[in-house]
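Undergrad: Pasted the sequence and its predicted model underneath.
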Amino acid sequence: MSSMSRRDFVRAAALMGASAAWGRALPVPSRTTWRERRDRYPEGVASGDPRPESVLLWTRCPGAGRPVPLTVEVAEDAAFARVVATATTVARPEYDWTVRVLVGRLAPAREYWYRFTDADGAGSRVGRTLTAPRDDDPRPVRFAFVSCQDVTIGAQNAYRRMLHEDERAAPADRLAFVLHLGDFIYEVVNYPEDRPQGYYDRTIREVFRYPHGQKVRDYHIPTDLDDYRTVYRAYLHDPDLQDARARWPFVCMWDNHEFSWKGWQSVQNYGAGNVPAQTRKVAANQAWWEYQPARVATPVGPPPASLAAFHAPKVADAPIARFDEHGLGQEPNNLAALASLTAYRALRFGRHLELIVTDQHSYRSEEPTERPEARAFTSPDFPDLVPEEAMAILDAGRAWDGGRPPASVRYGDRDVPNFRRDEPPQTILGATQKAWFLDRLKASRATWKVWGNSQGTLDWRADPQRLPAGLTRPWPGAGYAGFGGGDHSAAYVERAEIYDFVARERIGGFACVAGDRHSFWAGLMAKALPPAAFEPVGVAFITGSVSAAGLVEVFEHRFPATHPLRALYLADRPGASKPAATVNMLLRHGVRSCLEYAATGDQAKARALSNPDNAPHLAFVDMGGHGYATVRASAEAIESEFVCIPRPVTRSASADGGPLRYRVSHRAALWQPGERPALVQRVLEGDAGLGV
């Protein structure tokens, strides 16, 4: 049982804006008259951020303009004959009738059931949750991680597959929680009339319309709190997502689409330059807080403020003109908007897993390659490719070469001005969060320190300098190419700072799980690739999207059939219904392998031409993968399994979520500090194609 006092527990609940429920010493039968009325709780139930002694519970019960009193019960059995906690809470219209209840004094590593009931006996569906094991629990921990679900153009078959497998697994092999790494919603939405031709392979479904909204070109974006709430409600009407939230506790972190597609701090950019959007950032934060049961910090209001409250600061949309030495905008409305919710946090699961979850958007500086000046480093002759040396110089800003940044960067026969030479290095975490992150890494005594990063860390790289002469014009870069920035794959300075810290402090068992890329990746974390020294310090896994479209789908519909470099991205094989995704081979093996495969269709011959210096960090990449991934952390090893499903265009009619494309695992035995980690790959089921 918890050693926390009831008073401290109530105070902890207040800091995350939740009601408090304190467990009883002995279970008793339920005394509540309950009859299931899912229509009264249309978004279902959920739980989140489990700890050994407590878990956060959630539901929504809309009323006719007035508060709705609710009773929550937590039991050791699904029949509620052994109720261990009962409390009252209120669904209030000012929080869209959502409730958050922190239940304490629970047993560790225990399965519980919970439900909500109104004064008339109308009850929610029954939810299932699990508490975390004690810090000294030696048993392995298994969890799933997911990202990027778009209910307007895809189906959430990945959750149905996850549910099917977990319900049939042995108890020791079941999932302890689901880590959702962002893009839980997509704030950018097409209405069916906007794109009557559909979206790539997809038919656009009208799942919601914004009450207010703003139209940008052929899509719509939210403008206020009602708009953001509308998206969450619509997404949570999806039956597979709702069933998943009712079965497992979720640990959630936002990515970009919970606020704004290309947003950073409280700035929006939808193609017309940076626009201050402090009011929208606060609205996005409040809606996320209302709909995600997460132990996040929101400022506590003055007494007698309710514990279950989000105290939104009053902000204005004001231009941000001054930034500190870390790129944080010092405009007061920006700082207030960011402070309205602090979401980075760490959770411990037994002896072998500490999960450290970071926020990649609230404190980041502007991404250099998204700025208009960076377009000078792109060319339609080399789609998506940006010179690696230019990306590194732009990332470092005034810190390049020990404080001697060049005035310009050579690109072919041109000298492109270095617009970043007087600016600080790019940051994604921001100074305060980064210091917290490094402290947590150093202090952790768990076998595996797993960085829950909504965006990937593994480099995207190609070797266009090795293209045969005459195929196209010469590559204008000095060497390797990247695919632009946006995540830690191109935040070279900050990434090196983190990885050097891991090496210097001799931190073992360092791993990263990520999303955002709509693709599966497995590899080694290193600050640099050849010709620089390749010194891995950890292992990294990236999950494919649940349902959002991936890069292969984009290429299939948009890449010109006559482009001289089409073979680097897609190979049109005789008799195939769709082209092969040679972009996977490009990232792993390089241009010569792609050209060989496009010409012969022989994978062995193509891989024999692999450039060993292009991607020694990569074990696997599938840019067309959808589904989910799992992690098993034990005393001996960490293992991630990619569960890839066919493109989820329509909802599967089968209880198992439909067929699998493949199941691939990557295992790393625990290494000692100073040793190099290594991944062992196994294709467990299906055909992973050009991803291996």
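TA: Great, that's in hand. Residues are numbered from 1 along each chain as shown.
Undergrad: Spell out which residues sit in contact with the most centrally placed residue in the chain, please.
TA: Closest residue to the average C-alpha location of the chain: L181 at 2.3 Å, with C-alpha atoms, centre = their mean. Contacts for L181 were tallied using C-beta atoms under 8 Å, 6 or more residues apart in numbering; they are 145-147, 253, 255, 452-454, 513-516, 543. (Each C-beta comes from the backbone N, C-alpha and C, glycine too.)
Undergrad: let's see 10 Å
TA: Residues in contact with L181, defined by C-beta atoms under 10 Å, 6 or more residues apart in numbering, are 145-148, 251-255, 357, 360, 452-456, 513-516, 542-543.
Undergrad: which one is it nearest to, not counting chain neighbours?
TA: Spatial nearest neighbour of L181, excluding adjacent residues (C-beta to C-beta, 6 or more residues apart in numbering): G515 at 3.7 Å.
Undergrad: The one you found contacts G550, correct?
TA: No - look at G515 against G550 with C-beta atoms under 10 Å: they stay out of range, at 12.0 Å.
Undergrad: quick one: least confident helix or strand in the chain?
TA: helix 6-15 (a mean of 75; mean pLDDT, DSSP states H and E).
Undergrad: how about the helices in the stretch 101-250 of the chain?
TA: For the stretch 101-250 of the chain, applying DSSP state H, counting those that start in this stretch gives helices covering 157-168, 225-235, 239-247.
Undergrad: Take those and lay them out in JSON lines including mean pLDDT, distance to D422 and mean neighbour count.
TA: Listed next are those as JSON lines, based on pLDDT from 0 to 100; distance: least, C-beta to C-beta, whole Å; neighbours: other C-beta atoms under 10 Å:
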{"stretch": "helix 157-168", "mean pLDDT": "98", "distance to D422": "46", "mean neighbour count": "21"}
{"stretch": "helix 225-235", "mean pLDDT": "98", "distance to D422": "37", "mean neighbour count": "21"}
{"stretch": "helix 239-247", "mean pLDDT": "98", "distance to D422": "46", "mean neighbour count": "21"}
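Undergrad: Now do the buried residues in the least confident helix or strand of the chain.
TA: Applying a neighbour-count criterion of 16 or more other C-beta atoms under 10 Å, one finds F9, V10, A12, A13, A14, L15 buried in helix 6-15.
Undergrad: about what we covered before: I'd like the helices of the stretch 101-250 of the chain laid out as TSV, including distance to R473.
TA: Converted to TSV, those look like this (distance: least, C-beta to C-beta, whole Å):
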stretch	distance to R473
helix 157-168	42
helix 225-235	45
helix 239-247	47
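Undergrad: Could you say which one of those comes nearest to L568?
TA: Of all those, the one in closest proximity to L568, counting by C-beta to C-beta, is helix 157-168 (29.0 Å).
Undergrad: could you give the angle of the closest one to helix 239-247?
TA: Calculated by axes from the mean of the first three to the mean of the last three C-alpha atoms, to 10 degrees, helix 157-168 forms an angle of 40 degrees with helix 239-247.
Undergrad: so how many other residues sit close to A172?
TA: 8 (other C-beta atoms under 10 Å).
Undergrad: Ignore what I typed, I meant I428.
TA: The number of residues packed near I428 is 26, by other C-beta under 10 Å.
Undergrad: cool, R651 as well?
TA: Neighbours of R651 under the rule other C-beta under 10 Å: 17.
Undergrad: how much space between it and A155?
TA: As judged by C-beta to C-beta, to the nearest Å, R651 and A155 stand 4 Å apart.
Undergrad: Identify the contacts common to those two.
TA: When contacts are counted by C-beta under 10 Å, 6+ apart, R651 and A155 are jointly contacted by D238, D240, S547, G657, G658.
Undergrad: wait, doesn't the fourth one sit right on D166?
TA: It stands for G657. No - taking contacts as C-beta under 10 Å, G657 lies outside contact range of D166: 11.7 Å.
Undergrad: mind listing the strands for the stretch 451-600 of the chain?
TA: For the stretch 451-600 of the chain, strands defined by DSSP state E, counting those that start in this stretch occupy the ranges 481-482, 510-514, 520-525, 538-542.
Undergrad: Show me the one of the ones you listed that comes nearest P425.
TA: Using C-beta to C-beta, the nearest of the strands of the stretch 451-600 of the chain to P425 is strand 481-482, at 16.6 Å.
Undergrad: What is the closest one packed up against?
TA: For strand 481-482, the packing partners by 3 or more C-beta pairs under 10 Å, 6 or more residues apart in numbering; DSSP states H and E come out as strand 386-387, helix 388-396.
Undergrad: Which among the ones you listed is found nearest to L70?
TA: Across these, L70 has its closest neighbour in helix 388-396 (49.7 Å, C-beta to C-beta).
Undergrad: Quickly note the distance from the closest residue to P93 other than its chain neighbours to D120.
TA: Distance criterion C-beta to C-beta, 6+ apart; nearest residue to P93, sequence neighbours excluded, is G65 at 6.3 Å. As judged by C-beta to C-beta, G65 and D120 stand 17 Å apart.
Undergrad: The two: which has the busier surroundings?
TA: Between G65 and D120, counted using other C-beta under 10 Å, the more crowded position is D120 (10 against 6).
Undergrad: Quickly note the distance from F349 to R632.
TA: Distance, F349 to R632, using C-beta to C-beta: 12 Å.
Undergrad: what does T230 give?
TA: Look at T230 and R632: by C-beta to C-beta, they are 38 Å apart.
Undergrad: Run through the stretch 301-450 of the chain and note the low-pLDDT ranges.
TA: 301-308 (pLDDT under 70).
Undergrad: Tell me where it has strands.
TA: All strands of the stretch 301-450 of the chain, identified by DSSP E, counting those that start in this stretch, fall at 345-349, 353-358, 386-387, 408-411, 414-417, 448-453.
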